[in-house]
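# One predicted model, sequence on top.
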Amino acid sequence: MTTDNDHAARHEAAQARFGYAVAARLTEAGERLAPDIEARLAQARSLALARHRQARARPALNWLGRGGTAVLGTGPADGSPWRVRLGLALALPTLLFGLYALQHFQQERFVHRIADIDTALLLDDLPPQAYTDPGFRNYLREGSA
């Protein structure tokens, strides 16, 4: 009986063999390239490496500061420290307002549900005293059984 780990190991080994076979074929084909194609490939590789080095040299959060739309960032174009402090100072009141609005909305929904139940009771043909009568409760229990 084979386990999932055996299947996974076989799958990884097959992938590794396939990768080595593809690499060998590419190496063989690369040795037979025309000189002008080799030159273009070398130029494309050096351009790709230069772009990679530039992207790696930039701080990760630097792009957030473009256009003045974000507060976070580490580059000099992000603005002065007072903008960062202002953003942090506005974050807490915004969060508190959001929590208050959420609580208020939930409370309004609860009140509306209770009001709907009260309206249904008052508009029903039975008087409200019938719901408190013990015999009526027994009648409801027997009727639902």
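Thanks, I have the structure now.
# For residue 126, give its distance to residue 136.
Look at residue 126 and residue 136: by CB to CB, to the nearest Å, they are 8 Å apart. C-betas here are computed from N, CA, C, even on glycine.
# more crowded one of the two?
residue 136 (13 against 10; other CB atoms under 10 Å).
# So in this protein, which helix runs the longest?
The helix spanning the most residues in the chain, taking DSSP state H as the definition, is helix 81-123.
# Show me how far it is from its chain's centre.
Helix 81-123 sits 23 Å away from the centroid of its parent chain (CA atoms, centre = their mean, to the nearest Å).
# Helix or strand next in line after it, which one?
helix 128-132 (DSSP states H and E).
# Could you list the low-pLDDT ranges of this structure?
Scanning the chain with the threshold set as pLDDT under 70 gives 1-2, 58-79, 143-145.
# Report the contact partners of residue 101.
Contact analysis of residue 101 by CB atoms under 8 Å, 6 or more residues apart in numbering lists nothing.
# Check the gap between it and residue 43 for me.
Going from residue 101 to residue 43 by CB to CB gives 58 Å.
# same deal with residue 21?
From residue 21 to residue 43 the distance is 28 Å (CB to CB).
# cool, residue 86 as well?
When distance is defined by CB to CB, residue 86 is 48 Å away from residue 43.
# Which one of these two is surrounded by more residues?
residue 86 (13 against 10).
# what about residue 3, how many neighbours?
Using other CB under 10 Å, residue 3 has 8 other residues around it.
# ditto for residue 130
So residue 130, with other CB under 10 Å, has 13 neighbours.
# Equivalent analysis for residue 30, please.
11.
# Now it: which helix or strand?
Element membership for residue 30, per DSSP H and E: helix 4-31.
# quick one: that helix to chain centroid distance?
Helix 4-31 sits 34 Å away from the centroid of its parent chain (CA atoms, centre = their mean).
# Go through that helix and flag the buried ones.
Neighbour-count burial for helix 4-31, counted by 16 or more other CB atoms under 10 Å, picks out no residue.
# which is the next helix or strand following it?
As assigned by DSSP H and E, the chain's next helix or strand after helix 4-31 is helix 35-57.
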